[in-house]
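K.L.:
Provided below for reference: sequence and predicted model.
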Amino acid sequence: MKDSNYIKVFTGSLISSRRIIAELEKIDISPVVKEQSESGLQPGMFGGSRDYQEIFVHKDEFDAAIKAIDGFTSELEA
């Protein structure tokens with residue numbers, strides 16, 4: 001998202017991303033989600049997939065989004 005009005009605020013697993021999205025939506029922020037996956041055969045390994053998502057918010061909502069994400073992650077650490 002070069003030259004965009006959106007800023008990446010989180011990259012993580014599908015499960016964590018879903019929770020972050022829910023937290024952002026609670027405070028009326030509509031995030032943009034970009035899904036990534038790495039799959040395929042690697043030498044010595046059969047298949048496997050590491051799915052993750054990147055979450056972006058509009059630059060005007062960045063500060064509020066970071067506060068919500070920090071609050072969520074501090075709950076996880078407690």
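P.N.:
Structure received.
K.L.:
remind me, longest strand of the protein?
P.N.:
In the chain, taking DSSP state E as the definition, the longest strand is strand 49-58.
K.L.:
average pLDDT for it?
P.N.:
The predicted model assigns strand 49-58 a mean pLDDT of 84.
K.L.:
try stretch 69-78
P.N.:
Across stretch 69-78, pLDDT averages out at 74.
K.L.:
what's the angle from the helix or strand harbouring I21 to strand 49-58?
P.N.:
I21 belongs to helix 14-26 when assigned by DSSP states H and E. Using axes from the mean of the first three to the mean of the last three CA atoms, to 10 degrees, the inter-axis angle of helix 14-26 relative to strand 49-58 is 20 degrees.
K.L.:
list the buried ones in helix 14-26?
P.N.:
16-17, 20-21, 23-24 (16 or more other CB atoms under 10 Å). Where you see a C-beta, it was placed from the backbone N, CA and C, and this is true even at glycine.
K.L.:
what sits against the residue nearest to E54 when sequence neighbours are not counted?
P.N.:
Leaving aside its sequence neighbours, E54 sits nearest to K34 (CB to CB, 6 or more residues apart in numbering; 4.4 Å). By CB atoms under 8 Å, 6 or more residues apart in numbering, the contact set of K34 is 53-56.
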